[in-house]
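Asker: Need coordinates for the below:
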Amino acid sequence: MNFSSSGSNSTPVVVRDDLKTAIMKNMITVTLCVSINYVNATLVYTFMRHEFFKRNPRYILFIHLVINDIILMTVLTLIQVLSYVVYTLHVWLCMTLLIFALFSNFNNPMTLAVMAIECYVAVCFPLRHSQIITVKKTYITIALIWLISAQSFFPDVLVSLTTEHLDFFQSRVFCQNTTVFRIPGILLKNIIYNAVLMATVWLTLIYTYFKILFTAKSASSDATKARNTVLLHSFQLSLSMLTYMYTPLTTGLTYLFPQSVLAIRFAVIIIVSVMPRLVSPLVYGIRDKTFRKYLKKHLIFPMNFSGSGSNSTPVVVRDDLKTVIMKNVITVTLCLSINYINATLVYIFMKHEILKMNPRYILDIHLVINDIILMTLLTLIQVLLFQRASLTDG
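Answerer: Now for the predicted structure:
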């Protein structure tokens with residue numbers, strides 16, 4: 001992520017962090033990614049395990065939102081880590097990663113709008129809700145969301161494929177939209193498309209909120225809960241819109257603090273790309289009582305067994321939800337952090353022939369590789385035991 005240029009047509013200049021800072025930034029990013037994706041993956045697993053959720057359009061839309069968050073977090077983290085390791089990517093690879101990221105980035109605001117409409121129908125038309133909002137219509141709506149998202153950037157891909165020389169796709173660039181999609185007019189088209197999309201979503205949220213608000217004055221607590229949910233959707237959408245503020249924020253802060261350009265870019269990326277992904281687990285995974293009840297069953301820490309004797313039947317001792325999340329995040333984070341450093345050592349060894357000719361370094365790398373294997377297997381066993389305990393309990 002650390003590139004700068006003096007003009008739109010100038011060659012990007014690499015501005016690199018020192019090794020200690022690069023490792024720290026990547027550990028923070030990977031840790032946040034793994035922590036958020038762990039919780040989101042557990043939400044998806046909980047959804048898939050219970051037919052009740054699969055028959056409820058509200059939870060179907062929520063899981064669609066969560067899956068998009070997982071895709072976006074994974075792709076953005078992968079691009080950042082690769083930018084530190086290899087600095088530049090082949091255009092075809094960068095374009096492939098960006099397609100997944102753009103899909104998820106466009107899907108989320110439209111999904112939030114549809115979820116707000118579902119809340120509006122549930123409160124304002126409770127007797128007709130089951131006829132208006134059905135599972136079949138929900139999946140059709142999701143398909144339309146993906147189709148609309150495709151319309152936003154697939155024309156850019158097709159134009160690039162027909163106008164750019166084949167050598168361009170084999171060249172290496174810093175992975176971002178402006179270096180891959182270089183056709184004049186694309187930037188203006190994207191600004192207009194984003195503005196229309198965001199205006200439509202915001203109008204939908206505002207309309208549904210006030211309709212629910214007026215209904216809530218004389219209705220049950222369900223209307224108040226729906227109103228608060230729409231407010232959370234609005235907050236989540238506001239965070240999602242920060243993505244479009246990346247360039248203005250980075251440019252403005254860099255102008256004010258030119259000596260901190262690398263720190264500014266890293267902080268802005270965390271704020272605009274990572275923070276919005278924290279909201280989804282809170283809205284339904286923790287806040288929703290029904291989902292929380294089932295979620296606890298699949299967040300059992302599997303290593304907590306006790307018995308009164310060697311032949312006694314093990315008794316499962318469960319942690320509370322907060323402790324379970326903390327323990328599992330710590331375990332996976334430690335594994336990834338240690339393996340990241342060890343993998344960097346292996347990469348350095350493989351890149352330099354002088355190290356390969358020294359028996360001392362060969363033995364050191366052999367030790368490091370064994371550490372990677374051991375850490376990975378131990379963590380994998382714990383995760384599998386966790387899933388096994390969940391299946392047995394469920």
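Asker: Hmm, Ser273 is touching Leu76, no?
Answerer: Yes - with contacts counted by CB atoms under 8 Å, Ser273 reaches Leu76, the gap being 5.2 Å. Quick note: C-beta positions are derived from backbone N, CA and C, even for glycine.
Asker: pLDDT below threshold where in the stretch 151-300 of the chain?
Answerer: 216-227, 233, 236, 240-247, 279-288, 294-300 (pLDDT under 70).
Asker: hey, where'd the helices end up in it?
Answerer: Assigned by DSSP state H, counting those that start in this stretch, the helices in the stretch 151-300 of the chain fall at 166-170, 177-180, 186-216, 221-241, 246-256, 261-269, 279-280, 289-297.
Asker: Need those helices in a markdown table (columns: mean neighbour count and distance to Ile341).
Answerer: Putting the helices of the stretch 151-300 of the chain into a markdown table (neighbours: other CB atoms under 10 Å; distance: least, CB to CB, whole Å) gives the following:
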| stretch | mean neighbour count | distance to Ile341 |
| --- | --- | --- |
| helix 166-170 | 11 | 32 |
| helix 177-180 | 18 | 30 |
| helix 186-216 | 16 | 38 |
| helix 221-241 | 19 | 31 |
| helix 246-256 | 13 | 29 |
| helix 261-269 | 18 | 19 |
| helix 279-280 | 22 | 30 |
| helix 289-297 | 16 | 33 |
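Asker: Met375: which of those helices is closest?
Answerer: helix 261-269 (26.5 Å; CB to CB).
Asker: if I pick the spatially most central residue of the chain, what's in contact with it?
Answerer: Residue closest to the mean C-alpha point of the chain, counted by CA atoms, centre = their mean, is Met73 at 2.6 Å. Contacts for Met73 (CB atoms under 8 Å, 6 or more residues apart in numbering) come out as 33, 36-37, 40, 273-274, 277.
Asker: Helices of the stretch 1-150 of the chain, start to end?
Answerer: Counting by DSSP H, counting those that start in this stretch, the helices of the stretch 1-150 of the chain are 19-49, 51-54, 57-85, 91-124, 129-132, 135-163.
Asker: Show me the one of those helices that comes nearest Phe257.
Answerer: helix 19-49 (16.4 Å).
Asker: Just the angle for that closest one relative to helix 261-269, thanks.
Answerer: 10 degrees (axes from the mean of the first three to the mean of the last three CA atoms, to 10 degrees).
Asker: Show me which parts of helix 19-49 are buried, residue by residue.
Answerer: For helix 19-49, burial by neighbour count (16 or more other CB atoms under 10 Å) applies to 22-23, 25-26, 29-40, 42-43, 46-47, 49.
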